[in-house]
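let's see this in three dimensions:
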Amino acid sequence: MMTGKLTELLRRMCELPGPPGQEQAVRNFIAEEMKPFCREIREDPLGNLIVKAGAEDGYRVGVLAHMDEVGFIVSGVSERGLIGFELMGNIDARCLLNCEVDLMSRDDTLVRGVIGNLSRHLQTEEELQERISPRNLWIDIGARSAQEVEK
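Below you'll find the model as predicted:
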């Protein structure tokens, strides 16, 4: 069925890493999938993908969408190997606890991690009452030191 194919296509595309400024994997995927259906594909100087399909004359329809996704940028690494981060996009920090994330290394390899905070029994009463903020959350990739994170 067409619905199943479309669902699979969207799933594959949504699973590609594409934080702001690093949308190349998504752009390449869209271009490859569109090749059989279009007469022209080009990328403009800003990285936008422009695809022309259908008749030259007549009605024209534009499909506009972001290729990037909300993400994080590493802000630091603790001596114990926990990764600090800042938000790239508007994300409700309350939704981040226990989320699995993929970190993109310099060579675009993905490293799986999970977002957490200081264990409840290690927090002061004051810390337990604070609003959840990315400043008190960490990404844990299973590393035991900053040097291991760097590897």
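
what's the domain layout of the chain?
Domain assignment for the chain, taken from automatic domain parsing, gives 2-52, 71-150.

right, and the ones you listed - which one's nearest V63?
Proximity to V63 (Cβ to Cβ) singles out domain 2-52 among the domains of the chain, at 8.5 Å. (Each C-beta comes from the backbone N, C-alpha and C, glycine too.)

flag the shaky bits of the protein, pLDDT-wise.
Scanning the chain for pLDDT under 70 picks out 1-2.

that one: strands as residue ranges?
With DSSP state E as the criterion, the chain has strands at 40-43, 49-52, 71-77, 82-88, 100-104, 110-117, 137-140.

quick one, which of these is packed in tightest?
The highest mean neighbour count among these, using mean count of other Cβ atoms under 10 Å, belongs to strand 137-140: a mean of 19.

show residues contacting that strand.
72, 78, 81-85, 93, 96-97, 101, 103, 113-117 (Cβ atoms under 8 Å, 6 or more residues apart in numbering).

follow-up on the earlier one: mind checking which of the strands of the chain is nearest M13?
When those are ranked by proximity to M13 (Cβ to Cβ), strand 49-52 comes first, at 12.4 Å.

got the CA positions of stretch 6-21 in PDB?
Extracted in PDB, the C-alpha atoms of stretch 6-21 (Å, rounded to 0.1, in the frame of the first residue of the first chain):
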ATOM      1  CA  LEU A   6       5.000   6.700   2.800                       C
ATOM      2  CA  THR A   7       5.200   5.800   6.500                       C
ATOM      3  CA  GLU A   8       8.400   3.900   5.900                       C
ATOM      4  CA  LEU A   9       9.900   6.800   3.900                       C
ATOM      5  CA  LEU A  10       9.000   9.300   6.700                       C
ATOM      6  CA  ARG A  11      10.400   7.000   9.400                       C
ATOM      7  CA  ARG A  12      13.700   6.700   7.500                       C
ATOM      8  CA  MET A  13      14.000  10.400   7.000                       C
ATOM      9  CA  CYS A  14      13.100  11.300  10.600                       C
ATOM     10  CA  GLU A  15      15.800   9.000  11.900                       C
ATOM     11  CA  LEU A  16      18.500  10.800  10.000                       C
ATOM     12  CA  PRO A  17      20.600  13.200  12.100                       C
ATOM     13  CA  GLY A  18      20.000  16.800  11.100                       C
ATOM     14  CA  PRO A  19      20.800  19.400  13.700                       C
ATOM     15  CA  PRO A  20      21.000  23.000  12.600                       C
ATOM     16  CA  GLY A  21      23.900  23.500  10.200                       C
END
